[in-house]
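J.: model the following, please.
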Amino acid sequence: MATHEVLIIGGGISGLMTARELAHAGIEVTLLERRTIGRESSWAGGGILSPLSPWNMPDAITALSLWSQAAYPGLAEELIQNTGIDPEWEQSGLLFKNCGQSEQATSWCVRHQVVFERGISSESALYLPQIAHIRNPRLLKALRAELEQRSNVRLLEQHAVESAVIRHDRVQSIITGQGEFKVDKAILTAGAWSGVLGASFHLDIPIQPVKGQMIVFAAVHGLLHPILLNDGKYLIPRRDGHILAGSTLEYTGFDKESTEQAYGELSGFAYAELPALRDYPIEKHWAGLRPGSPQGIPYIGVHPGLSNLYVNCGHYRNGLVMAPASARLLADILLGRSSEIDAAPYRIIERSSEAPYNKAMPE
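T.: You can find the predicted model right below:
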(Lines give C-alpha, C1' and ligand atoms only; values in the text may rest on other atoms or scores of the structure.)
Protein backbone atom coordinates (compact mmCIF):
# COMPACT_ATOMS: atom_id res chain seq x y z
CA MET A 1 0.00 0.00 0.00
CA ALA A 2 1.96 2.96 -1.32
CA THR A 3 1.64 6.42 0.20
CA HIS A 4 -0.03 9.01 -2.03
CA GLU A 5 1.35 12.50 -1.52
CA VAL A 6 -2.09 14.08 -2.05
CA LEU A 7 -5.27 12.05 -2.35
CA ILE A 8 -8.27 13.95 -3.76
CA ILE A 9 -11.76 12.59 -3.10
CA GLY A 10 -14.15 13.70 -5.84
CA GLY A 11 -13.76 14.19 -9.59
CA GLY A 12 -15.97 17.17 -10.39
CA ILE A 13 -14.75 20.63 -11.35
CA SER A 14 -13.34 21.32 -7.88
CA GLY A 15 -11.45 18.04 -7.74
CA LEU A 16 -10.05 18.37 -11.26
CA MET A 17 -9.03 22.01 -10.86
CA THR A 18 -7.41 21.28 -7.48
CA ALA A 19 -5.54 18.34 -9.01
CA ARG A 20 -4.36 20.61 -11.82
CA GLU A 21 -3.06 23.26 -9.42
CA LEU A 22 -1.14 20.71 -7.35
CA ALA A 23 0.17 18.80 -10.36
CA HIS A 24 1.54 22.01 -11.85
CA ALA A 25 3.35 22.56 -8.55
CA GLY A 26 5.04 19.15 -8.93
CA ILE A 27 2.92 17.28 -6.38
CA GLU A 28 2.05 13.59 -6.82
CA VAL A 29 -1.76 13.42 -7.00
CA THR A 30 -4.23 10.54 -6.93
CA LEU A 31 -7.88 11.43 -7.54
CA LEU A 32 -10.64 9.03 -6.46
CA GLU A 33 -14.10 9.35 -8.07
CA ARG A 34 -17.06 7.34 -6.81
CA ARG A 35 -18.47 6.85 -10.31
CA THR A 36 -17.40 8.64 -13.53
CA ILE A 37 -15.19 11.72 -13.50
CA GLY A 38 -17.01 14.95 -14.30
CA ARG A 39 -20.53 13.50 -14.58
CA GLU A 40 -22.32 15.03 -11.61
CA SER A 41 -23.20 18.68 -10.86
CA SER A 42 -20.25 20.07 -12.82
CA TRP A 43 -21.50 18.38 -15.99
CA ALA A 44 -25.19 19.08 -15.36
CA GLY A 45 -25.00 22.87 -14.96
CA GLY A 46 -25.34 25.56 -17.59
CA GLY A 47 -21.83 26.98 -17.53
CA ILE A 48 -22.64 30.64 -16.85
CA LEU A 49 -19.47 32.22 -15.45
CA SER A 50 -21.27 34.54 -13.06
CA PRO A 51 -23.62 34.20 -10.11
CA LEU A 52 -27.19 34.74 -11.29
CA SER A 53 -27.57 37.90 -9.20
CA PRO A 54 -24.03 38.86 -8.19
CA TRP A 55 -25.12 41.94 -6.21
CA ASN A 56 -26.95 39.63 -3.79
CA MET A 57 -23.91 37.49 -3.13
CA PRO A 58 -21.80 37.58 0.03
CA ASP A 59 -18.40 39.22 -0.47
CA ALA A 60 -16.77 35.78 -0.11
CA ILE A 61 -18.51 34.57 -3.28
CA THR A 62 -17.77 37.81 -5.14
CA ALA A 63 -14.04 37.52 -4.39
CA LEU A 64 -13.76 34.00 -5.82
CA SER A 65 -16.01 34.77 -8.78
CA LEU A 66 -14.17 37.90 -9.94
CA TRP A 67 -10.76 36.19 -9.62
CA SER A 68 -11.98 33.21 -11.61
CA GLN A 69 -13.65 35.29 -14.32
CA ALA A 70 -10.30 36.93 -15.00
CA ALA A 71 -8.55 33.55 -15.08
CA TYR A 72 -10.93 31.68 -17.39
CA PRO A 73 -9.82 33.05 -20.81
CA GLY A 74 -6.23 32.01 -20.14
CA LEU A 75 -7.32 28.65 -18.74
CA ALA A 76 -9.44 27.91 -21.81
CA GLU A 77 -6.57 28.81 -24.14
CA GLU A 78 -4.10 26.62 -22.22
CA LEU A 79 -6.48 23.67 -22.40
CA ILE A 80 -6.90 24.09 -26.16
CA GLN A 81 -3.13 24.20 -26.65
CA ASN A 82 -2.44 21.26 -24.33
CA THR A 83 -5.27 18.92 -25.35
CA GLY A 84 -6.82 20.14 -28.61
CA ILE A 85 -10.19 20.25 -26.82
CA ASP A 86 -11.95 23.61 -26.96
CA PRO A 87 -14.07 24.24 -23.84
CA GLU A 88 -15.89 26.95 -25.82
CA TRP A 89 -15.39 29.93 -23.55
CA GLU A 90 -17.69 32.62 -25.01
CA GLN A 91 -18.01 36.23 -23.86
CA SER A 92 -21.65 36.54 -24.90
CA GLY A 93 -22.78 38.95 -22.19
CA LEU A 94 -25.60 38.46 -19.70
CA LEU A 95 -28.93 40.29 -20.00
CA PHE A 96 -31.00 40.60 -16.82
CA LYS A 97 -34.37 41.20 -18.40
CA ASN A 98 -36.08 42.49 -15.29
CA CYS A 99 -33.58 43.77 -12.74
CA GLY A 100 -35.81 44.69 -9.85
CA GLN A 101 -32.91 45.82 -7.64
CA SER A 102 -31.56 48.37 -10.09
CA GLU A 103 -29.81 50.72 -7.65
CA GLN A 104 -28.25 47.87 -5.71
CA ALA A 105 -27.14 46.20 -8.96
CA THR A 106 -25.57 49.29 -10.50
CA SER A 107 -23.86 50.23 -7.23
CA TRP A 108 -22.36 46.75 -7.10
CA CYS A 109 -21.12 47.07 -10.69
CA VAL A 110 -19.51 50.44 -9.99
CA ARG A 111 -17.88 49.19 -6.78
CA HIS A 112 -16.34 46.17 -8.50
CA GLN A 113 -15.56 47.91 -11.81
CA VAL A 114 -17.94 45.65 -13.75
CA VAL A 115 -19.01 47.12 -17.10
CA PHE A 116 -22.78 47.47 -17.39
CA GLU A 117 -25.48 49.04 -19.56
CA ARG A 118 -29.03 49.95 -18.60
CA GLY A 119 -32.22 49.96 -20.65
CA ILE A 120 -31.07 47.64 -23.44
CA SER A 121 -34.45 45.95 -23.89
CA SER A 122 -36.51 47.84 -21.30
CA GLU A 123 -36.06 50.37 -18.51
CA SER A 124 -35.72 47.55 -15.98
CA ALA A 125 -33.11 45.61 -17.97
CA LEU A 126 -29.42 45.39 -17.03
CA TYR A 127 -26.75 44.12 -19.41
CA LEU A 128 -23.28 42.94 -18.36
CA PRO A 129 -21.42 42.62 -21.69
CA GLN A 130 -18.25 41.02 -20.28
CA ILE A 131 -19.92 37.98 -18.71
CA ALA A 132 -18.98 34.72 -20.40
CA HIS A 133 -20.14 31.14 -20.39
CA ILE A 134 -18.31 27.90 -21.03
CA ARG A 135 -19.42 24.50 -22.27
CA ASN A 136 -18.90 22.68 -19.02
CA PRO A 137 -18.85 19.07 -20.37
CA ARG A 138 -16.07 20.08 -22.76
CA LEU A 139 -14.22 21.91 -19.98
CA LEU A 140 -14.32 18.78 -17.83
CA LYS A 141 -13.20 16.65 -20.77
CA ALA A 142 -10.27 18.98 -21.45
CA LEU A 143 -9.21 19.08 -17.78
CA ARG A 144 -9.29 15.31 -17.62
CA ALA A 145 -7.30 14.94 -20.84
CA GLU A 146 -4.65 17.38 -19.61
CA LEU A 147 -4.30 15.61 -16.27
CA GLU A 148 -4.02 12.22 -17.98
CA GLN A 149 -0.94 13.51 -19.81
CA ARG A 150 0.90 14.12 -16.54
CA SER A 151 3.08 11.42 -15.00
CA ASN A 152 2.41 12.74 -11.48
CA VAL A 153 -1.40 12.30 -11.67
CA ARG A 154 -3.57 9.18 -11.34
CA LEU A 155 -7.31 9.36 -12.00
CA LEU A 156 -9.26 6.43 -10.57
CA GLU A 157 -12.96 5.96 -11.28
CA GLN A 158 -15.44 3.63 -9.53
CA HIS A 159 -13.57 4.19 -6.27
CA ALA A 160 -16.28 5.11 -3.76
CA VAL A 161 -14.91 5.97 -0.32
CA GLU A 162 -16.31 3.65 2.35
CA SER A 163 -14.40 4.73 5.45
CA ALA A 164 -11.22 6.29 6.78
CA VAL A 165 -8.60 5.14 9.26
CA ILE A 166 -7.85 8.00 11.65
CA ARG A 167 -5.23 7.99 14.40
CA HIS A 168 -4.49 10.92 16.67
CA ASP A 169 -4.89 14.04 14.50
CA ARG A 170 -4.24 12.48 11.08
CA VAL A 171 -5.98 10.46 8.40
CA GLN A 172 -3.86 7.35 7.98
CA SER A 173 -5.68 5.77 5.04
CA ILE A 174 -8.81 5.88 2.89
CA ILE A 175 -10.73 2.65 2.29
CA THR A 176 -12.66 2.20 -0.95
CA GLY A 177 -14.43 -0.73 -2.55
CA GLN A 178 -11.35 -1.13 -4.73
CA GLY A 179 -8.77 -1.13 -1.95
CA GLU A 180 -7.05 0.89 0.74
CA PHE A 181 -4.98 4.01 0.05
CA LYS A 182 -2.40 5.19 2.54
CA VAL A 183 -2.58 8.97 2.94
CA ASP A 184 0.02 11.69 3.29
CA LYS A 185 -2.50 14.50 2.67
CA ALA A 186 -6.13 14.24 1.56
CA ILE A 187 -8.62 16.72 0.09
CA LEU A 188 -12.41 16.36 0.16
CA THR A 189 -13.97 17.77 -3.03
CA ALA A 190 -17.02 15.52 -3.29
CA GLY A 191 -19.72 18.05 -4.22
CA ALA A 192 -23.18 17.22 -2.92
CA TRP A 193 -21.77 14.12 -1.21
CA SER A 194 -19.23 16.08 0.86
CA GLY A 195 -21.54 16.41 3.85
CA VAL A 196 -22.19 12.66 3.98
CA LEU A 197 -18.53 11.75 3.48
CA GLY A 198 -17.49 14.33 6.04
CA ALA A 199 -18.84 12.08 8.79
CA SER A 200 -16.06 9.58 7.99
CA PHE A 201 -13.56 12.31 8.87
CA HIS A 202 -15.24 13.63 12.05
CA LEU A 203 -16.39 16.61 10.02
CA ASP A 204 -19.84 18.13 10.39
CA ILE A 205 -20.39 20.50 7.47
CA PRO A 206 -23.98 21.34 6.43
CA ILE A 207 -23.76 20.48 2.73
CA GLN A 208 -26.95 19.07 1.24
CA PRO A 209 -28.00 18.15 -2.33
CA VAL A 210 -30.18 20.64 -4.20
CA LYS A 211 -31.57 19.24 -7.45
CA GLY A 212 -31.62 21.30 -10.62
CA GLN A 213 -33.23 20.26 -13.90
CA MET A 214 -32.46 21.60 -17.38
CA ILE A 215 -33.49 21.12 -21.00
CA VAL A 216 -31.71 21.87 -24.27
CA PHE A 217 -33.21 22.87 -27.62
CA ALA A 218 -31.65 21.77 -30.91
CA ALA A 219 -31.90 25.31 -32.27
CA VAL A 220 -29.75 27.18 -34.80
CA HIS A 221 -26.90 29.62 -34.41
CA GLY A 222 -27.95 33.26 -34.12
CA LEU A 223 -31.33 32.70 -32.51
CA LEU A 224 -30.05 34.03 -29.17
CA HIS A 225 -26.88 35.99 -28.47
CA PRO A 226 -26.58 37.11 -24.87
CA ILE A 227 -27.39 34.83 -21.99
CA LEU A 228 -30.91 35.83 -20.93
CA LEU A 229 -31.96 35.78 -17.29
CA ASN A 230 -35.45 36.48 -15.99
CA ASP A 231 -37.11 35.59 -12.70
CA GLY A 232 -34.38 33.18 -11.66
CA LYS A 233 -34.34 31.16 -14.90
CA TYR A 234 -32.09 31.53 -17.92
CA LEU A 235 -31.45 30.73 -21.57
CA ILE A 236 -27.87 30.06 -22.67
CA PRO A 237 -26.73 30.04 -26.33
CA ARG A 238 -24.15 27.45 -27.32
CA ARG A 239 -21.70 27.85 -30.16
CA ASP A 240 -23.43 25.12 -32.18
CA GLY A 241 -26.80 26.88 -31.91
CA HIS A 242 -28.22 24.75 -29.12
CA ILE A 243 -29.98 26.71 -26.37
CA LEU A 244 -30.10 25.56 -22.75
CA ALA A 245 -32.99 26.44 -20.46
CA GLY A 246 -32.64 26.14 -16.70
CA SER A 247 -33.06 25.55 -13.96
CA THR A 248 -35.15 24.30 -11.09
CA LEU A 249 -34.38 24.38 -7.36
CA GLU A 250 -35.61 21.23 -5.63
CA TYR A 251 -34.94 19.93 -2.13
CA THR A 252 -35.48 16.20 -2.69
CA GLY A 253 -32.35 14.63 -1.19
CA PHE A 254 -30.22 12.56 -3.55
CA ASP A 255 -33.03 11.98 -6.04
CA LYS A 256 -31.77 12.87 -9.52
CA GLU A 257 -34.82 11.88 -11.54
CA SER A 258 -36.11 14.39 -14.10
CA THR A 259 -39.83 15.16 -13.93
CA GLU A 260 -42.62 16.13 -16.30
CA GLN A 261 -43.46 19.07 -14.06
CA ALA A 262 -39.99 20.56 -14.46
CA TYR A 263 -40.08 19.84 -18.20
CA GLY A 264 -43.27 21.87 -18.52
CA GLU A 265 -41.95 24.65 -16.28
CA LEU A 266 -38.68 25.04 -18.22
CA SER A 267 -40.18 24.72 -21.69
CA GLY A 268 -42.92 27.21 -20.77
CA PHE A 269 -40.31 29.71 -19.61
CA ALA A 270 -38.26 29.21 -22.78
CA TYR A 271 -41.26 29.67 -25.11
CA ALA A 272 -42.36 32.80 -23.26
CA GLU A 273 -38.92 34.40 -23.49
CA LEU A 274 -38.04 33.23 -27.00
CA PRO A 275 -41.16 32.16 -28.94
CA ALA A 276 -39.07 31.02 -31.92
CA LEU A 277 -37.97 28.02 -29.83
CA ARG A 278 -41.37 26.43 -30.53
CA ASP A 279 -39.99 25.59 -33.97
CA TYR A 280 -37.13 23.51 -32.55
CA PRO A 281 -37.17 20.16 -30.72
CA ILE A 282 -36.13 19.66 -27.12
CA GLU A 283 -33.17 17.34 -27.46
CA LYS A 284 -32.53 16.38 -23.85
CA HIS A 285 -33.83 16.81 -20.29
CA TRP A 286 -31.61 16.06 -17.30
CA ALA A 287 -30.97 16.77 -13.63
CA GLY A 288 -28.00 17.28 -11.32
CA LEU A 289 -27.36 17.75 -7.61
CA ARG A 290 -25.77 20.99 -6.43
CA PRO A 291 -23.76 21.03 -3.17
CA GLY A 292 -25.93 23.39 -1.09
CA SER A 293 -24.28 25.20 1.82
CA PRO A 294 -25.25 28.09 4.13
CA GLN A 295 -25.23 31.30 2.06
CA GLY A 296 -23.63 29.35 -0.79
CA ILE A 297 -20.14 30.06 0.62
CA PRO A 298 -17.75 27.14 0.05
CA TYR A 299 -15.53 25.55 2.67
CA ILE A 300 -11.88 25.84 1.65
CA GLY A 301 -9.00 25.00 3.98
CA VAL A 302 -7.69 22.54 6.53
CA HIS A 303 -9.83 20.39 8.83
CA PRO A 304 -9.90 21.95 12.32
CA GLY A 305 -8.95 18.66 14.01
CA LEU A 306 -7.10 16.61 11.36
CA SER A 307 -3.84 18.19 10.28
CA ASN A 308 -3.59 16.41 6.92
CA LEU A 309 -7.18 16.70 5.70
CA TYR A 310 -8.31 19.65 3.55
CA VAL A 311 -11.66 20.56 2.03
CA ASN A 312 -12.81 22.40 -1.10
CA CYS A 313 -16.57 21.92 -1.26
CA GLY A 314 -20.01 23.48 -0.77
CA HIS A 315 -20.08 25.83 -3.77
CA TYR A 316 -23.87 25.49 -4.29
CA ARG A 317 -24.85 27.07 -7.67
CA ASN A 318 -21.47 28.69 -8.36
CA GLY A 319 -18.99 25.81 -8.41
CA LEU A 320 -18.00 26.39 -12.01
CA VAL A 321 -17.79 30.16 -11.54
CA MET A 322 -15.52 29.91 -8.49
CA ALA A 323 -13.51 26.80 -9.42
CA PRO A 324 -10.18 28.36 -10.54
CA ALA A 325 -9.96 30.65 -7.52
CA SER A 326 -11.09 27.96 -5.07
CA ALA A 327 -8.48 25.53 -6.38
CA ARG A 328 -5.74 28.16 -6.28
CA LEU A 329 -6.60 29.11 -2.70
CA LEU A 330 -6.68 25.48 -1.55
CA ALA A 331 -3.32 24.81 -3.20
CA ASP A 332 -1.84 27.93 -1.61
CA ILE A 333 -3.02 26.79 1.83
CA LEU A 334 -1.81 23.21 1.41
CA LEU A 335 1.59 24.24 0.01
CA GLY A 336 2.10 27.06 2.49
CA ARG A 337 2.22 29.72 -0.22
CA SER A 338 1.06 33.31 0.13
CA SER A 339 -2.25 33.87 -1.63
CA GLU A 340 -3.97 36.71 -3.47
CA ILE A 341 -7.24 35.51 -1.92
CA ASP A 342 -8.13 35.99 1.74
CA ALA A 343 -8.72 32.52 3.21
CA ALA A 344 -10.60 33.65 6.32
CA PRO A 345 -14.22 33.57 5.02
CA TYR A 346 -13.92 29.92 3.91
CA ARG A 347 -12.34 28.32 6.99
CA ILE A 348 -14.32 25.61 8.73
CA ILE A 349 -13.21 26.63 12.22
CA GLU A 350 -14.25 30.24 11.63
CA ARG A 351 -17.76 29.15 10.61
CA SER A 352 -18.61 26.58 13.27
CA SER A 353 -21.44 28.72 14.64
CA GLU A 354 -23.23 29.10 11.28
CA ALA A 355 -26.95 28.60 11.10
CA PRO A 356 -27.76 25.13 9.76
CA TYR A 357 -28.39 24.59 6.07
CA ASN A 358 -31.72 25.93 4.85
CA LYS A 359 -33.44 26.83 1.61
CA ALA A 360 -32.97 30.57 2.01
CA MET A 361 -29.73 30.75 0.04
CA PRO A 362 -28.88 33.47 -2.48
CA GLU A 363 -29.77 32.91 -6.10
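J.: what number of residues lie near the nearest residue to residue 303 once chain neighbours are set aside?
T.: In space, and not counting its chain neighbours, residue 303 is closest to residue 309: 4.1 Å by CB to CB, 6 or more residues apart in numbering. C-beta here means a position set from N, CA and C on the backbone, and glycine is covered the same way. With neighbours defined by other CB atoms under 10 Å, the count for residue 309 comes to 25.
J.: okay, and for the protein, where does confidence drop off?
T.: For the chain, the stretches flagged by pLDDT under 70 are 1, 3, 121, 350-363.
J.: from the centroid of it, which residue is nearest?
T.: Most central in the chain under CA atoms, centre = their mean is residue 319, positioned 1.7 Å from the mean C-alpha point.
J.: doesn't residue 42 make contact with it?
T.: Yes - counting by CB atoms under 8 Å, residue 319 does reach residue 42; the two are 6.4 Å apart.
J.: residues in contact with the residue nearest to residue 303?
T.: Contact criterion CB atoms under 8 Å, 6 or more residues apart in numbering gives 171, 185, 186, 187, 188, 201, 203, 302, 303 as the residues in contact with residue 309.
J.: mind listing the helices for the stretch 201-350 of the chain?
T.: All helices of the stretch 201-350 of the chain, identified by DSSP state H, counting those that start in this stretch, fall at 260-273, 319-335.
J.: and among those helices, the most buried is which?
T.: By mean neighbour count, with neighbours taken as mean count of other CB atoms under 10 Å, helix 319-335 ranks first of the helices of the stretch 201-350 of the chain at a mean of 25.
J.: which strands and helices lie in contact with that one?
T.: Counting contacts by 3 or more CB pairs under 8 Å, 6 or more residues apart in numbering; DSSP states H and E, helix 319-335 is packed against helix 13-24, helix 41-44, helix 59-83, strand 179-188, strand 299-302, strand 309-313.
J.: include distance to residue 288 when you put these into a markdown table, please.
T.: Listed next are the helices and strands packed on helix 319-335 as a markdown table, based on distance: least, CB to CB, whole Å:
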| stretch | distance to residue 288 |
| --- | --- |
| helix 13-24 | 12 |
| helix 41-44 | 2 |
| helix 59-83 | 20 |
| strand 179-188 | 19 |
| strand 299-302 | 20 |
| strand 309-313 | 15 |
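J.: which one of those is the most hemmed in?
T.: Highest mean neighbour count among those (mean count of other CB under 10 Å): strand 309-313, with a mean of 27.
J.: that one pairs with which strands, parallel or anti?
T.: Looking at strand 309-313 with DSSP bridges, its partner strands are strand 179-188 (parallel), strand 299-302 (antiparallel).
J.: now the angle between helix 13-24 and that strand, please.
T.: Counting by axes from the mean of the first three to the mean of the last three CA atoms, to 10 degrees, strand 309-313 points 130 degrees away from the direction of helix 13-24.
J.: how far is strand 309-313 from where the chain is centred?
T.: 14 Å (CA atoms, centre = their mean, to the nearest Å).
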